[in-house]
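**Student:** What follows is a protein structure lacking sequence information:
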């Protein structure tokens, strides 16, 4: 059981790290702000979500686990809102084609 | 186990840091805000991993505060960029 | 692994600090400043000072960042005023040299400390049970060095007064800050409706756990202030005019309670700001609760700025 949990956590956290790295690469390499924004949200929400998922079995109690999930939900809400607002800002400031 | 968690925290932190290049170079205000947001969520992820690796009390609370204030700061940045007419 | 992480963090802090100082343009500089505060919070966590990390994340990165951001927006178009207030290159070089010397001196002093460094930590922890609080930082801030904390609390009131005194005479007593249109739909409207209820709970939680774990009035109050500002910029909450009695009481409640409990010490304990044995924790909690309210009110008012709209 413990081995299974460790493997599960390892896989989830590795995937989370991969999403963060992918988000960074996209932020650095993608050609225009809107596609960079699109890629960034993946790193934010999914990367952190996977890491939280991986840490859940080791949180030590369901209250601590709930707190981890709350952090993730807050980042989801913040990320989604900020991304919408930044996208709106890009659209407003860019001259129409 | 703790070493592996620290390694993961280090990798995420390094990635978010590399993303800061966008905050430095821009070109637009939007890119800078994105990089700051990536640093915030990367910092949160690194903190959660650190909390699990070291067992230090209260570190998850720091992540919680960052999550709340990160949302608040992002909104303030967009409103300010709008007010400044920045691209 | 942890050494690699720490060296990376230290280099990043220095790099972002340097960039923030050198960059042209105020908006990117504020972004740099906020990133710097975030990195510093991570540094404090690595040093095991979680209380300081919380303060840095809330006040250093969050509140100060937004304060600077509002200042940048207010200063737009004021190039002449900014130029007049900007120090000349020799002054800046002199300031840089001075800062460098102080930094170097601190570094030398730190490196030359005997091992183990002289510390009052053991002494402080030993007397903690008398206070009834579990967090040694709160013990130091509220009991051993209560006067410093009291002065910090009073400084907030003076900061608000200083900002209010910038108002033109005819606007005295008016509503502070610009008017934000009501957001009836869109992302900001959603966030400003969903986040504050959660944020208020978290803010009170952080202020409350300060007695026994990392947290406290300044960090908790800052979160409450951030939620208030969020509701304000979304047009969902109207700031009261500065003539409002309730608002003024909210700003001074903390320092007044603090001074009141301090004076009470003459009667029921050994002197100013001392607590009677066995009754320290309720008094500390009373001060912390009032201070949380005052910190929140003061930060909202500092960000909002001087009164400028007729009530």
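**Tutor:** Alright, I've got the coordinates. Just so we're clear, the structure is a prediction, and the values are computed from it rather than from any experiment. Residues are numbered from 1 along each chain as shown, chains lettered A, B, ... in the order given.

**Student:** Only C-alpha atoms from now on, for both contacts and neighbour counts.
**Tutor:** OK.

**Student:** how close does residue C:12 get to chain A?
**Tutor:** The gap separating residue C:12 from chain A is 16 Å, by Cα to the nearest Cα, to the nearest Å.

**Student:** Can you pull up the most central residue in chain B?
**Tutor:** Nearest residue to the geometric centre of chain B (Cα atoms, centre = their mean): residue B:40, 1.4 Å.

**Student:** Quickly note the distance from residue B:63 to residue A:83.
**Tutor:** To residue A:83, residue B:63 is 20 Å away according to Cα to Cα, to the nearest Å.

**Student:** Identify the residue spatially nearest to the closest residue to chain A within chain C, adjacent ones excluded.
**Tutor:** Using Cα to the nearest Cα, residue C:187 is the residue of chain C that sits closest to chain A, at 5.2 Å. Excluding its sequence neighbours, the residue lying closest to residue C:187 (Cα to Cα, 6 or more residues apart in numbering or on different chains) is residue A:81, at 5.2 Å.

**Student:** Report how many residues lie close to residue C:41.
**Tutor:** By the measure other Cα atoms under 10 Å in any protein chain shown, the count of residues near residue C:41 is 28.

**Student:** One more: residue C:123?
**Tutor:** 9.

**Student:** And the helix or strand where it lies, what does it pack against?
**Tutor:** In the assignment (DSSP states H and E), residue C:123 maps to helix C:121-126. Under the contact criterion of 3 or more Cα pairs under 8 Å, 6 or more residues apart in numbering or on different chains; DSSP states H and E, helix C:121-126 touches helix C:136-139.

**Student:** Give the rounded mean pLDDT of the helix it packs on.
**Tutor:** Averaged across helix C:136-139, pLDDT comes to 81.

**Student:** Pull out the buried positions in whichever helix or strand comes after that helix.
**Tutor:** Remark: after helix C:136-139, the chain's next helix or strand is helix C:146-164, criterion DSSP H and E. Residues of helix C:146-164 classed as buried by neighbour count (16 or more other Cα atoms under 10 Å in any protein chain shown): C:146, C:147, C:149, C:150, C:153, C:154, C:156, C:157, C:160, C:163, C:164.

**Student:** tell me the pLDDT at residue 66?
**Tutor:** Going with chain A. 89.

**Student:** I was after chain B.
**Tutor:** pLDDT, residue B:66: 91.

**Student:** same check, this time on the one 3 residues further on
**Tutor:** Reading off the confidence values, residue B:69 has pLDDT 89.

**Student:** And residue A:72, by the same measure?
**Tutor:** So residue A:72 comes in at 92 (pLDDT).

**Student:** That one is in what secondary structure piece?
**Tutor:** Per DSSP H and E: residue A:72 is located in helix A:62-93.

**Student:** Same question for that helix: list its buried residues.
**Tutor:** Buried, per 16+ other Cα under 10 Å, within helix A:62-93: A:65, A:67-87, A:89-90, A:93.

**Student:** And stretch A:36-50, by the same measure?
**Tutor:** A:36-50.

**Student:** and that stretch, is it in reach of chain B?
**Tutor:** Yes - for stretch A:36-50, a contact with chain B is found by Cα under 8 Å from any Cα of the partner chain, at A:37, A:40, A:43, A:44, A:48.

**Student:** Of those residues, just say which sits nearest to residue C:86.
**Tutor:** residue A:37 (35.6 Å; Cα to Cα).

**Student:** That closest one: what's it in contact with?
**Tutor:** By Cα atoms under 8 Å, 6 or more residues apart in numbering or on different chains, the residues touching residue A:37 are A:27, A:83, A:87, B:34.
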